[in-house]
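# here is a sequence together with a model predicted from it:
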Amino acid sequence: MGLENPNVVDAVGIEMGSGKVVLTIADSWDWANEGAHLLALQAKLNGYFDFVEDGQILSSYPAAAGRSVVIDLVSRFPPPVAAIELLRRAREVAASLTIEIRQITYTGRA
Amino acid sequence: MTTTRIDHHDSIAGASILVGAGWFDTTDEDDEAPLTFTKDYGVGALQFSSATYKSGRKPDIRVGDLTDLVKDFVDAKFPGTPAQFQTGELDEAASSPAFARADVTLPEWRLVAWYVSNGRDVVLCTYTCGRSEFRPAELEEAAAIVTSMRWT
């Protein structure tokens, strides 16, 4: 789970209300080594794109059929500007696959 | 408020900054990553990177140059995104640094970028956070860290 395993989908579920399929990335890494973190995040996102594009999502999670797909990136540490650049580019790629990318920083305290 | 003075890190071009309580340096000492601070349980990342004068014709960087730099930064990183710009001096001393600031609101993120200079060296500072998580008080603290920058 997490960025250590780029070929593993961390969590899949149906979002209440919207009915969208949500694929979650659990990013617990800090940004001490920004370059390594960006590469790992890029690999993880590409893994998720493959999961959707290759149709693995339907064999692994049949309830996804006919639903919009969202990738939720849940970050433990706030992304710096280089990460936001990466996510903006990833969103352009995702849009071509009709996938939405959202990002939230979960700090553990409200 | 308790503050910590950070001196002469490569990312701040020989300047010093005052970092408020609750903010932590998350930069890897063995890495050449930009100096980065986050607040304990905070939502934003404050990052510094620099261009240091080494040799050659001594630059004379003025507020107008900083404005051009921050506009170029926004255009290059987030083309087509509207931004608000402002400039200023960090204090009234004749040798005080000047800055140009851009506030950018992206669909999902808030970004504030500053270029700060003593006329010779230039530091780029960025504060980023999710738009839905934006906390004005945290941005104010981040801005206070940036505007505490001084060269001796």
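Perfect, I can see it now.
# all contacts plus neighbour counts: C-alpha atoms, from now on.
Fine.
# surely residue A:20 touches residue A:72?
No - between residue A:20 and residue A:72 there is no contact under CA atoms under 8 Å: 11.3 Å.
# please work out which residues outside the lengthiest helix in chain A touch it.
Ordering each helix of chain A by length in residues (DSSP state H) puts helix A:34-53 first. When contacts are defined by CA atoms under 8 Å, 6 or more residues apart in numbering or on different chains, helix A:34-53 is touched by residues A:3-9, A:23, A:25, A:29-31, A:57, A:71, A:82-83, A:86, A:90, A:94, A:97, B:33.
# with stretch B:129-147 instead?
Outside stretch B:129-147, the residues that reach it (CA under 8 Å, 6+ apart) are A:78-80, A:103-105, B:17-20, B:42-46, B:90, B:105-111, B:114, B:125, B:127.
# dump it to CSV, keeping only the CA atoms.
The C-alpha trace of stretch B:129-147 is given here as CSV (Å, rounded to 0.1, in the frame of the first residue of the first chain):
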residue,chain,number,x,y,z
CYS,B,129,-2.2,24.4,-0.2
GLY,B,130,-5.4,22.8,-1.3
ARG,B,131,-8.0,25.4,-2.1
SER,B,132,-10.7,23.8,0.0
GLU,B,133,-8.3,23.5,2.9
PHE,B,134,-7.0,27.1,2.7
ARG,B,135,-6.5,28.7,6.1
PRO,B,136,-5.9,32.5,5.9
ALA,B,137,-4.0,32.5,9.2
GLU,B,138,-1.5,29.9,8.1
LEU,B,139,-0.8,31.9,4.9
GLU,B,140,-0.3,35.0,7.0
GLU,B,141,2.3,33.1,9.1
ALA,B,142,4.0,31.9,5.9
ALA,B,143,4.0,35.4,4.6
ALA,B,144,5.6,36.6,7.9
ILE,B,145,8.4,34.1,7.5
VAL,B,146,9.0,35.3,3.9
THR,B,147,9.0,38.9,4.8
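# what about that stretch, distance to the chain center?
Its chain's C-alpha centre lies 12 Å from the corresponding centre of stretch B:129-147 when counted by CA atoms, centre = their mean, to the nearest Å.
# tell me the mean pLDDT for it?
Across stretch B:129-147, the average pLDDT comes to 94.
# okay, and the spatially most central residue of chain B sits in which element?
What sits nearest the mean C-alpha location of chain B, by CA atoms, centre = their mean, is residue B:125, with 2.0 Å. In this assignment (DSSP states H and E), residue B:125 forms part of strand B:122-130.
# distance from that strand to the middle of the chain?
For strand B:122-130, the distance to the chain centre is 5 Å (CA atoms, centre = their mean).
# buried residues in the next helix or strand after that strand?
The element immediately downstream of strand B:122-130 (helix or strand, assigned by DSSP H and E) is helix B:136-147. By neighbour count on 16 or more other CA atoms under 10 Å in any protein chain shown, the buried set for helix B:136-147 is B:138, B:139, B:141, B:142, B:143, B:145, B:146, B:147.
# just the strands in the chain please.
Let's take chain A. A:11-14, A:21-27, A:69-75, A:99-105 (DSSP state E).
# I was thinking of chain B, sorry if that wasn't clear
Assigned by DSSP E, chain B shows strands spanning B:3-7, B:16-20, B:23-25, B:35-39, B:44-51, B:83-89, B:98-105, B:109-117, B:122-130.
# out of the ones you listed, flag the one nearest residue A:15.
Closest approach to residue A:15 among the strands of chain B is made by strand B:122-130 (20.4 Å; CA to CA).
# how many residues are close by residue B:48?
Look at residue B:48: counted by other CA atoms under 10 Å in any protein chain shown, it has 23 neighbours.
# any figure for the gap between it and residue A:12?
Taking CA to CA, to the nearest Å as the measure, residue B:48 falls 37 Å from residue A:12.
# same thing with residue A:78?
Look at residue A:78 and residue A:12: by CA to CA, they are 23 Å apart.
# for residue B:139, give its distance to chain A.
Separation of residue B:139 from chain A (CA to the nearest CA, to the nearest Å) stands at 13 Å.
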